[in-house]
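>>> Sequence below, structure please.
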Amino acid sequence: MDIGWLSLLQATGVLVLYSACVVLLPYLAAGRVLRRFSLSQQFLMAFTAGNCAIINIGYVLELLHISNRITLIALTAAVVLSIRTYVYEIDWKRWLGTAFDGLIRLAHGTLQLRMVLHDMRDALGRALGSLGRWAWGQVRHNLIDWAFILAYVASCYYVFGHMVMHCLGYMASDVPVHLAWINQLFENNLFSGGIYPMGYHVVIYYLSAVFGIPAYLILRLFYFVQDFYIFLMPFVVARCLCKSRFAYAGPIICMVLTGAFELAFDQRYFASLPEEFGMLFVYPCLYYAVRFFYWRHEEVQGGRLAPTLRQAHGPRGWVLGWRESQWCLAFFALAFGTLLAVHFYDAIAAGLMCLAVVVGFMGRFVRKGYFLSVVRTVALSLSLALYPMLICFALGTPLQNSLRWGLDVINNDASTQTQESMKVQEDSTSVASASSRGGTDGARADSGSVASVAAGRAPEAEEPSPTTLQGLEGKVRKLYAALRSGITVTFAEDPGQLADALLASLGVLILLGIAHQCIHDYQYGATLVASSLGVIFLLLLRQANSLGLPRLMDEVRTTYFLVYSFLLAIPLCVDAVVGILAFDRRGTLRSGLCLAFSCLMIAAQIQTGYTKVDKSDELQRLTQIMPNGNIIVASDILKSEKPFHWTIVSANIETEMYRYRGWHYEIGDLLKKIDAGESSYFAIPTDDVYFFVEKRANYYYSQLDGQYAKVSKEAAGEPLPDISGQSAYRFRNRVIVMSKLYYWARRMQQLYPYDMTVCYETDDFICFRLHQNTYRLDDLGIDYLDYLGELS
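Numbers count the residues shown, from 1 in each chain. Take a look at the predicted model:
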């Protein structure tokens, strides 16, 4: 089978297994509790609980140093059975007694095995029939919604599946580091690199350990799973919050397909990284926060704050009798705790969006019955995320460098925002914003326009009233220019009109929300205000330097979350505007107009839109840090070679990939031994040694003169870089290292023509194979520099 199609099938398999763990198992454990909610709400709750359970199961076993495949499966089964027993009130004593009696009857011959199998078959048939009728009912009554879901799945496979098939290697330089930390989890070393949010690593480790899939393979494909759920979350949340049924579909499907955004935004979706995984829980947090205010108000108005529901459930009513608002707070704690356990940047973005919800519902937030519940929930979520870090920190584990750096950035920015540094920060923000989209003209124009407005409207001392008005006008213009600039940098072009339209939409959304709050529907209006403020807060964070605000994240990461926040604001804006134009009691006309809008939007994107697939070649050139040949050859090695009978010599990317299957030797270490001439004999003691050489050297974000640099005799003749780690494979150093290894391998072919062969070669990559007699190993310490002129 073609390896591209094989990769797509493997990615689909990982998606199915992950979905089974985080959606199916929670529903099997507590489906009775979830049935009171709609299908979309059940999905969000099961997804949140499943991820939180996996992470905490891994945390507990790692802290106890007993984590392995058996303990992971055993503890997972124990948790599922315990919850199911509590929820469904299963009497295991009676059940086991009945099973034991059946075995006794089988042994005595009073019960035939044929009848037992017949009863089991009938029970399975009834269960499958009931499931099929339920599924058919869901599809029959929500046919258009399921059609949009199928369109969404097709869009994900078209965009992200295309990259899975054509880009086989890792797509970010951070991935090897995360793989090293995941491999340490197999040795029960939780914080091997220091204290750092390890929730993402625990999930990958759990899937690898339980299902026996190599961790490097999951990391290579997991971005497909992440992206599928990243866009599915706002898809489901918008479906739950919009009054019309179909306003959500068009904008989100088009966001999956479109290639109109800057590469710095698009390329992050094609790497398996913790920050992207944490985005899965941003919208669930937002939804639980909004829905809490909805249901809490209904409970207050209906007088249902007393625990009357618990009486109907007997001793198990402590949980089963919870009100809807209590369930929202519980799942908010699980979602935010899981998000913070994955990455602190996601917690900042989610925190700003939840702050927008608090502002939107401020009239209720400060009331009795709301405030203290929210505070307790936030405290619970923080403890849920931080307890393993605090335990290990108390035992002497230091902070990881990136976490320390993030804290330093926040502290330094918070303490150095002075009036004297405002101008310097504004200039640096303009340059950084423009460089992220390939130029500086747009950003400089914006900042220049702000400066010209301020200079042209200098106040006069003898007229205080005009001075105040002009100063306020100048500040408003500066704020608008900063927000507008924050939107324009997200696009590949500089669509000023589109930025104005988006800002106008946010303003309209706030006005409509306030109008709904005052006149018609307070809860819906507060939701509109919150969705708009969430985008504005992220815009302010994006432009923090130019506005003199604390800088919590760099501009590229903030822009990433900013564009993600559009996925709820745009559908709600469409829903609110259509609701004014087509007001009918049943909502049929409103839903019809939204359906037409979504269909037209998707059709326009397909017909004339610029998709991410159109940028796949450029994305691959900018993001892929290893050639496809590395994966193709390594897959053949793993399939055909005996474990630990082979060694791969390559750059440091593969150091942790095949840790438990074979050996790895870095090119830099090999060349240092060869060039140092420490001894007359040097060998690698395995049956086969594979040398991975990039004929066109590449590195993440580091193209040489805009092109891949080919190996050459001139580069091979240069001195070996006297550095180690990633620096040995950056820029010109990578070309030198690859050139030296290439011509050394050609020299080895001359000396050992029967042992040294080429097993795979393309225009970009070549793999040499050295087959050895382990009783008489080949000498690798040969002199190759004197023969550069002879080699072709």
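>>> alpha carbons only for contacts and neighbour counts from here, please
Will do.
>>> mind listing what's buried in stretch 70-83?
Residues L72, I73, T76, V79, V80, L81 are the ones in stretch 70-83 that count as buried (16 or more other C-alpha atoms under 10 Å).
>>> who's in contact with the first one?
Same thing as L72. With contact set as C-alpha atoms under 8 Å, 6 or more residues apart in numbering, L72 has these partners: I57, G58, L61, Y206, V210.
>>> buried subset of the residues you listed?
The neighbour count (16+ other C-alpha under 10 Å) marks I57, G58, L61, Y206 as buried among these.
>>> ok, which pair from those is furthest apart?
Within the buried ones among the contacts of L72, L61 and Y206 form the most distant pair, 11.0 Å apart (C-alpha to C-alpha).
>>> which helix in this structure runs the most residues?
helix 113-141 (DSSP state H).
>>> Who are the packing partners of that one?
The contact analysis (3 or more C-alpha pairs under 8 Å, 6 or more residues apart in numbering; DSSP states H and E) places helix 113-141 against no helix or strand.
>>> Can you list the buried residues in the next helix or strand after it?
Toward the C-terminal end, the helix or strand that comes next after helix 113-141 (DSSP states H and E) is helix 143-166. Buried residues in helix 143-166, counted by 16+ other C-alpha under 10 Å: 145, 148-149, 152, 155-166.
>>> repeat for stretch 664-677
H664, Y665, E666, I667, G668, L670, L671, I674.
>>> same thing with stretch 53-65?
Buried residues in stretch 53-65 (16+ other C-alpha under 10 Å): A53, I54, I55, N56, I57, G58, Y59, L61, E62, L63.
>>> Which one of those is nearest to P214?
When these are ranked by distance to P214 (C-alpha to C-alpha), G58 comes first, at 17.2 Å.
>>> Packing partners of the helix or strand hosting that closest one?
If you go by DSSP H and E, G58 is part of helix 39-63. The helices and strands touching helix 39-63, judged by 3+ C-alpha pairs under 8 Å, 6+ apart, are helix 25-34, helix 69-88, helix 199-211, helix 215-241, helix 324-342.
>>> Centre of the chain to stretch 342-357, how far?
Per C-alpha atoms, centre = their mean, to the nearest Å, the displacement of stretch 342-357 from the mean C-alpha position of its chain is 14 Å.
>>> with the buried ones among the contacts of L72 in mind, which one is nearest to R291?
I57 (28.2 Å).
>>> got a list of what that closest one touches?
Shown in contact with I57 (C-alpha under 8 Å, 6+ apart): L72, L75, T76.
>>> can you do 10 Å?
Residues in contact with I57 (C-alpha atoms under 10 Å, 6 or more residues apart in numbering) are N51, S67, T71, L72, I73, L75, T76, V79, V202, V203, Y206.
>>> gap between it and E275?
21 Å (C-alpha to C-alpha, to the nearest Å).
>>> again with V16
22 Å.
>>> A709 now?
Remark: distance between A709 and E275 (C-alpha to C-alpha) = 31 Å.
>>> So, low pLDDT: which residues of the stretch 401-550 of the chain?
403-467, 469-471, 494, 496 (pLDDT under 70).
>>> can we see that at 90?
Flagging of the stretch 401-550 of the chain using pLDDT under 90 yields the residue ranges 401-509, 512-513, 515-524, 540-550.
>>> all helices of it, in order?
Using DSSP state H, counting those that start in this stretch, the helices of the stretch 401-550 of the chain run over 401-416, 422-435, 441-456, 464-488, 496-518, 522-542, 544-547.
>>> packing partners for the last one?
The helices and strands touching helix 544-547, judged by 3 or more C-alpha pairs under 10 Å, 6 or more residues apart in numbering; DSSP states H and E, are helix 422-435, helix 464-488, helix 522-542.
>>> now for the last one, which elements pack on it?
Applying 3+ C-alpha pairs under 10 Å, 6+ apart, we find helix 522-542 packed against helix 215-241, helix 282-302, helix 344-360, helix 362-365, helix 464-488, helix 496-518, helix 544-547, helix 555-581.
>>> what about 6 Å?
Of the remaining helices and strands, those touching helix 522-542 by 3 or more C-alpha pairs under 6 Å, 6 or more residues apart in numbering; DSSP states H and E are helix 344-360, helix 496-518, helix 555-581.
>>> Now the first one: buried residues?
Looking back up the chat, that one is helix 344-360. Buried residues in helix 344-360, defined by neighbour count with 16+ other C-alpha under 10 Å: 344-360.
>>> go on, the last one?
Buried residues in helix 555-581, defined by neighbour count with 16+ other C-alpha under 10 Å: 555-579.
>>> angle of it against helix 496-518?
Following axes from the mean of the first three to the mean of the last three C-alpha atoms, to 10 degrees, one obtains 60 degrees for the angle between helix 555-581 and helix 496-518.
>>> for helix 555-581, what is the average pLDDT?
Regarding helix 555-581, the rounded mean pLDDT is 87.
>>> next one: stretch 278-294
92.
>>> Dump it to PDB, restricted to CA.
C-alpha atoms of stretch 278-294 as PDB (Å, rounded to 0.1, in the frame of the first residue of the first chain):
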ATOM      1  CA  GLY A 278      -5.300  22.600  24.600                       C
ATOM      2  CA  MET A 279      -7.400  24.500  22.100                       C
ATOM      3  CA  LEU A 280      -9.900  21.600  22.300                       C
ATOM      4  CA  PHE A 281     -11.100  22.800  25.700                       C
ATOM      5  CA  VAL A 282     -11.300  26.600  25.100                       C
ATOM      6  CA  TYR A 283     -14.900  26.500  23.700                       C
ATOM      7  CA  PRO A 284     -16.200  23.900  26.200                       C
ATOM      8  CA  CYS A 285     -15.000  26.300  29.000                       C
ATOM      9  CA  LEU A 286     -16.800  29.100  27.300                       C
ATOM     10  CA  TYR A 287     -20.000  27.100  26.800                       C
ATOM     11  CA  TYR A 288     -20.200  25.800  30.400                       C
ATOM     12  CA  ALA A 289     -19.700  29.400  31.700                       C
ATOM     13  CA  VAL A 290     -22.500  30.700  29.500                       C
ATOM     14  CA  ARG A 291     -24.800  27.800  30.100                       C
ATOM     15  CA  PHE A 292     -24.300  28.100  33.900                       C
ATOM     16  CA  PHE A 293     -25.900  31.600  33.900                       C
ATOM     17  CA  TYR A 294     -28.700  30.400  31.700                       C
END
